[in-house]
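1. Have a look; sequence and predicted model below, questions after that.
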Amino acid sequence: MSIEIKNLLKTYGEQNAVNGISFKIERGEIVGFLGPNGAGKSTTMKIITGYLQQTSGEAFVCGINVSEDPLATKKKIGYLPELNALYYDMYVKEYLAFVSAVHKVYDAKKKIENVIELTGLSVESKKKIGQLSKGYKQRVGLAAALIHDPEVLILDEPTSGLDPNQIIEIRDVIKKQGQHKTVLFSSHILQEVEAICDRVIIINKGVLVADDKLSNLQKLSASQQSVKVEFKEPIEASWITNLKNVESAINIQGSIFNIQCADAESVKKQLLQLSIDKNLNIVSLQSENQSLENIFKTLTN
């Protein structure tokens, strides 16, 4: 087991930042760690990496208890924190050499060149870190997390500050690393999680609310479907709410409705029939069911 959390609790005064959560992650898994701001994601990651002490419960990395031997677990982990602390006066290669020395990396020069190429830092590698854009600073942090070839990667918002092309590149890096490492990463970009992960863990207000394969969560949310429809002509809301399997219909604007229903395909067919019966023109018709965004909203609202 690469990561194991047992009944983890972290309190600040009377507030529970993390409230008795438990989960396990195997080697070769890429797991998305999701939750609203303040849900306890960063706190949990800091406990796993040994940067923060839990109030109670246990955290294990590669079978080692983090509280009992934090130094040994740090050797197993590559950590990119949300607030990526870097030495801005150091050059990129100089900083990576410094991190390599801390980890006592063998053949450091070769490893630095490899990780620079892997994270797409080659064109900026001769600059001082302070001269880099936010996106390239993020790449430096990722390179530092990878330099000692850790067994476990903990990435807190790894694509923060990256443009769309850079996000795709870093996504490929994460997927490649996930073939032989354990990767736990948080992100507010749910499309990234869908593109990279098979499994997601969702916490809300410090409590675990979901831990499953994305495909299973999508099946469970099948009863929480929605359809968005726009008519060219004005219509009465009752025409929609009277349709079979429709739970509610919200008039967003004009003749645009967001419909909550139990069977999106059935409702779409009925809407088409309605347009024929009432001599209406449908401008757009699309189902919005089973997305990670909808699952996230349902579990955290």
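-> Structure's in. What do you need?

2. Contacts only, for the residue nearest the centre of the chain.
-> Nearest to the geometric centre of the chain sits residue 187, at 3.2 Å (C-alpha atoms, centre = their mean). Going by C-beta atoms under 8 Å, 6 or more residues apart in numbering, residue 187 touches 32, 34, 157, 158, 159, 193. In this view, the C-beta of every residue, glycine as well, is placed from N, C-alpha and C.

3. Residue 260 now?
-> So residue 260 contacts 224, 225, 226, 246, 247, 248, 249, 250 (C-beta under 8 Å, 6+ apart).

4. what about the fifth one, neighbour count?
-> The one in question is residue 247. Counted with other C-beta atoms under 10 Å, the neighbours of residue 247 add up to 14.

5. What of the last one?
-> Residues contacting residue 250 under the criterion other C-beta under 10 Å number 13.

6. how many neighbours does the residue nearest to it when sequence neighbours are not counted have?
-> The shortest distance from residue 250 to any non-neighbouring residue, by C-beta to C-beta, 6 or more residues apart in numbering, is to residue 258 (4.7 Å). By the criterion of other C-beta under 10 Å, residue 258 has 14 neighbours.

7. avg pLDDT for the helix or strand hosting residue 258?
-> Here residue 258 sits within strand 256-261, counting by DSSP states H and E. Mean per-residue pLDDT for strand 256-261: 86.

8. Run through the strands of the stretch 1-150 of the chain in chain order.
-> 3-12, 15-25, 30-34, 56-61, 64-65, 77-80 (DSSP state E, counting those that start in this stretch).

9. For residue 114, which of the ones you listed is the nearest?
-> strand 77-80 (14.1 Å; C-beta to C-beta).

10. quick check: mean pLDDT across that closest one?
-> pLDDT averaged over strand 77-80 gives 94.

11. Starting from that strand, tell me which strands it pairs with and how they run.
-> Strands that pair with strand 77-80, judged by DSSP bridges, come out as strand 152-156 (parallel).

12. Okay, helices next: where are they in this protein?
-> 41-48, 70-76, 92-103, 108-118, 134-146, 164-177, 190-196, 214-220, 237-241, 264-277, 292-300 (DSSP state H).

13. Packing partners of the first one?
-> Applying 3 or more C-beta pairs under 8 Å, 6 or more residues apart in numbering; DSSP states H and E, we find helix 41-48 packed against strand 3-12, strand 15-25, strand 30-34, strand 56-61, strand 152-156, strand 182-186.

14. thinking again about what came up before, partner strands of the strand holding residue 258, parallel or antiparallel?
-> Checking strand 256-261 against DSSP bridges gives partners strand 225-231 (antiparallel), strand 246-253 (antiparallel).

15. Residue 167: which of these is closest?
-> Comparing these by C-beta to C-beta, strand 225-231 comes nearest, at 26.3 Å.

16. got the angle between the closest one and helix 292-300?
-> Inter-element angle recorded for strand 225-231 and helix 292-300: 120 degrees (by axes from the mean of the first three to the mean of the last three C-alpha atoms, to 10 degrees).

17. Dump strand 225-231 to PDB, restricted to CA.
-> Extracted in PDB, the C-alpha atoms of strand 225-231 (Å, rounded to 0.1, in the frame of the first residue of the first chain):
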ATOM      1  CA  GLN A 225     -29.600  14.200 -14.700                       C
ATOM      2  CA  SER A 226     -30.300  17.500 -16.300                       C
ATOM      3  CA  VAL A 227     -31.300  18.700 -19.800                       C
ATOM      4  CA  LYS A 228     -30.800  22.200 -21.100                       C
ATOM      5  CA  VAL A 229     -33.200  23.400 -23.800                       C
ATOM      6  CA  GLU A 230     -33.800  26.600 -25.700                       C
ATOM      7  CA  PHE A 231     -36.900  27.400 -27.800                       C
END
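
18. tell me the mean pLDDT for that strand?
-> Mean predicted confidence for strand 225-231 is 86.

19. Report the buried residues of that strand.
-> Using 16 or more other C-beta atoms under 10 Å as the test for burial, strand 225-231 gives 225, 226, 227, 229, 230, 231.

20. which strand residues sit across from the last one in the sheet?
-> Beta-bridge pairing of residue 231, defined through DSSP bridges, involves residue 282.

21. Do I have it right that it meets residue 283?
-> Yes - Residue 231 is within contact range of residue 283, at 6.6 Å (criterion: C-beta atoms under 8 Å).
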